[in-house]
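Student: Build me a structure from this.
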Amino acid sequence: MISRRLKQLVFFFILLSLFSACTGIRTSPGQSTGEVHEAVGILTPTDTLQENAEWWKTAVFYQVFVRSFYDSDGDGIGDFRGLTQKLDYLNDGDPETGGDLGITALWLMPIHPSPSYHGYDVTDYYDVNPDYGSLDEFKEFLQAAHRRGIRVIIDLVINHTSTQHPWFKQALDLQSPYHTYYIWQDENPGYSGPDGQKVWHRASNGKYYYALFWDQMPDLNLKNPAVTQEIYEIARFWLNDVGVDGFRLDAAKHLIEEETKQENTALTHEWLANFHAYYKSLNPQAITVGEVWSNSFEAVRYVRNSEMDMVFNFDLARSILSNVNHRNAVSLGNTLTFETRLFPLGSMGIFLTNHDQDRVMSVLMNDKDKARLAASVYLTSPGVPFIYYGEEIGLTGQGDHRNIRTPMHWSSERMAGFTSATPWSFPKADYIEKNVQNQLEDPDSLLRFYINLLRIRDQSEALQAGRLYPLISSSPSILTYARVAQSDQALIMLNLSDQPQDNVFLRSLEGLNPGRYRLQPLAGKMVDAFVTVEQNGAMVNFQFPETILAGEVLIYQFIQIPEG
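Tutor: As a prediction, the model looks like this:
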């Protein structure tokens, strides 16, 4: 550890000298930061991020598998420079342009060295995967992202390491201090994991070690204070030395076992509470997002007790896709109301699918109207949205994990414009029609729908920070609710059926701001409609004046009519 720290200090002073020599570099009018990077090989240190202790509560995240995003050097593997080159697609930093998604945060799947393509078995927590580039190139990417107002969190895999990690190699020696970094038994205890999997594996030293997910991923012993101190140092390095904005904690519910109880243990909650206090002491704006793949009652405990800033809501994700698929607005409305009231505002990561699940468009059987409806639900609901890369253009994939982590489709050129070489994994066969370039040129594409919906969200206080209040519809096919903030409120109406709905009446029991309003369209058609909200926050039997078409998405802002 001492030699590593000396190397880091020497490297820091070298960087400082280089930076001092380059402070005169500026972007000229009309010259992009990418052009500056190509010209001089360094990014200017401008940082447009604003101080905001709870920035994530209004953020929109985009989940990236670097290996599959964009290959800049022709080796068939996505990399940091490729990610930097595509930042303008994610957010170009200019709210006046219309060709970027407008996301404000990135979650990068594992970027550390690893013997596996996915990276979830780490061999060095202080470096990056050489397939993706160097640590310097990662820092250049990070600066470019921050310049555009994009925060970046990285996967922190601390439940386990790789068997190739130096800690585990040394832990095979029973006399090594690293032996207690892992969990050992002289004999196989004989019990299985939560999903019936084998969790005890025999090592070359004759002992049995605990590995929940795979025999190549031995679990760390977080009961050992020395291991906890190692994790603290790793967190400090990435937050303070490198400058990332936080972590997604992989397998967060499995950190510490209590004999045969292997998830959501009291010791796991205690460890995370202490870790939360530690990283906040380093940087109050740093965050953790937890993968707690449990029911919502279990998941919410982690944010109610200040153990993590946010957790993913798997129950709601499953409900959105299932009910959109089966056109069940009543069931989805009930679940949406329950889940959004269970979680404190800003503590729920809301998504449709991720890197471990069949892709949205495969689940929805390539139905673009259903994909728009599903997107509308999670992008207009309370919660912090996470978009899995390619979801916005309708990428498909199911079954084997490799099949749902295939390269991004950028264009109809060879290999979907992902690489000039043979890719690590081939893009889907439909890339000639289904790609970013084509969909940017098509005003009716799924990508344009996402871009427009994210613009609406970004400009609406109600959609960013308002509470959800369910509305009662006379049509069981209409999912409808209001988002209500202190000085703004919005009406959302989604026709989940495949038939138009006429003479739809809406009413609410509570929650809306009193007054008389006209409806101004944010998404959908103009209507001649006025809404009266009583002093108790109730809206009584408002009739929507137009037919709501099959699959139609309508979002309106309440514009108050002055009295008199």
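Student: what does the domain assignment say about the chain?
Tutor: Split into domains by automatic domain parsing, the chain comes to 55-161+221-458, 166-210, 464-560.
Student: Quick check: which of those domains is nearest to residue 49?
Tutor: Among those, domain 55-161+221-458 comes nearest to residue 49, with 5.3 Å by CB to CB. No exception for glycine: its C-beta is placed from N, CA and C like everyone else's.
Student: tell me the mean pLDDT for the closest one?
Tutor: Average pLDDT, domain 55-161+221-458: 97.
Student: now that domain: how far from the chain's centre is it?
Tutor: 3 Å (CA atoms, centre = their mean, to the nearest Å).
Student: end-to-end on it?
Tutor: Length of domain 55-161+221-458, first residue to last, CA to CA, to the nearest Å: 13 Å.
Student: same deal with stretch 100-114?
Tutor: For stretch 100-114, the first-to-last residue distance is 32 Å (CA to CA).
Student: just to revisit the earlier point, make JSON lines from the domains of the chain and add distance to residue 49 and mean neighbour count to it.
Tutor: Shown next, in JSON lines, are those (distance: least, CB to CB, whole Å; neighbours: other CB atoms under 10 Å):
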{"stretch": "domain 55-161+221-458", "distance to residue 49": "5", "mean neighbour count": "20"}
{"stretch": "domain 166-210", "distance to residue 49": "34", "mean neighbour count": "15"}
{"stretch": "domain 464-560", "distance to residue 49": "18", "mean neighbour count": "18"}
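Student: Find the nearest non-adjacent residue to residue 133, please.
Tutor: Spatially, and ignoring its direct neighbours in sequence, residue 133 is nearest to residue 80 (4.1 Å; CB to CB, 6 or more residues apart in numbering).
Student: so what's that neighbour up against?
Tutor: With contact taken as CB atoms under 8 Å, 6 or more residues apart in numbering, residue 80 is in contact with 66, 128, 132-134, 137-138, 140-141.
Student: Which parts of the stretch 51-200 of the chain are strands?
Tutor: Using DSSP state E, counting those that start in this stretch, the strands of the stretch 51-200 of the chain run over 61-64, 105-108, 151-156, 184-185, 200-202.
Student: For residue 452, which of those strands is the nearest?
Tutor: Residue 452 sits nearest to strand 61-64 of all those, at 16.4 Å, using CB to CB.
Student: ok, residues contacting the closest one?
Tutor: Contacts with strand 61-64, where a contact means CB under 8 Å, 6+ apart, come from 83, 90, 101, 103-109, 153, 349, 354-355, 384-389.
Student: From those residues, which land in helices?
Tutor: 83, 90 (DSSP state H).
Student: For the host helix or strand of residue 209, what is the distance to the chain centroid?
Tutor: Using DSSP states H and E, residue 209 sits within strand 208-210. Between the centre of strand 208-210 and the centre of its chain there are 32 Å (CA atoms, centre = their mean).
Student: What's the first helix or strand after that strand?
Tutor: helix 225-236.
Student: Phi first, then psi, for residue 125.
Tutor: Residue 125 adopts backbone torsions of phi -80, psi -10, taken as degrees, to the nearest 10.
Student: Quick check: nearest residue in space to it, chain neighbours excluded?
Tutor: Leaving aside its chain neighbours, residue 125 sits nearest to residue 234 (4.5 Å; criterion: CB to CB, 6+ apart).
Student: now do residue 512
Tutor: Nearest residue to residue 512 in three dimensions, chain neighbours excluded: residue 533, at 4.4 Å (CB to CB, 6+ apart).
Student: So the one you found sits against residue 517, correct?
Tutor: Yes - counting by CB atoms under 8 Å, residue 517 is a contact partner of residue 533 at 7.1 Å.
Student: So what does residue 521 look like in phi/psi?
Tutor: With angles defined as degrees, to the nearest 10, residue 521 sits at phi -70, psi 130.
Student: Let me know whether it touches residue 556 as I believe.
Tutor: Yes - with contact defined as CB under 8 Å, residue 521 reaches residue 556; the gap is 5.7 Å.
Student: so what sits against both of the two?
Tutor: Here residue 521 and residue 556 have residue 527 as joint contacts, going by CB under 8 Å, 6+ apart.
Student: Identify the residues contacting residue 390.
Tutor: Residue 390 makes contact with 359, 408-409 under the criterion CB under 8 Å, 6+ apart.
Student: Can you tell me the strand partners of the host helix or strand of residue 558 and which way each runs?
Tutor: Per DSSP H and E, residue 558 falls inside strand 553-560. According to DSSP bridges, strand 553-560 has the following sheet partners: strand 489-495 (antiparallel), strand 515-523 (antiparallel).
Student: show me where the stretch 1-150 of the chain has helices.
Tutor: Here the stretch 1-150 of the chain has its helices, by DSSP state H, counting those that start in this stretch, at 2-21, 33-40, 80-85, 87-90, 135-147.
Student: Next, the nearest residue to residue 283 once chain neighbours are set aside: secondary structure please.
Tutor: Counting by CB to CB, 6+ apart, residue 239 is the residue found nearest to residue 283 once chain neighbours are left out, at 5.2 Å. What DSSP: H, G, I helix; E, B strand; the rest coil gives for residue 239 is helix.
Student: quick one: residue 239 and residue 394, what's the gap?
Tutor: 36 Å (CB to CB, to the nearest Å).
Student: Wait, residue 145 touches residue 139, no?
Tutor: No - taking contacts as CB under 8 Å, residue 145 lies outside contact range of residue 139: 10.6 Å.
Student: Spit out the contact partners of the residue nearest to residue 135 when sequence neighbours are not counted.
Tutor: Distance criterion CB to CB, 6+ apart; nearest residue to residue 135, sequence neighbours excluded, is residue 128 at 5.3 Å. If a contact means CB under 8 Å, 6+ apart, then residue 128 has 80, 111-113, 134-135, 138 as its contacts.
Student: which residues does the spatially most central residue of the chain bridge with?
Tutor: Nearest residue to the geometric centre of the chain (CA atoms, centre = their mean): residue 386, 3.6 Å. With DSSP bridges as the criterion, residue 386 is bridged to residue 61.
Student: wait, doesn't it sit right on residue 351?
Tutor: Yes - Residue 386 lies in contact with residue 351 (CB under 8 Å); the separation is 4.2 Å.
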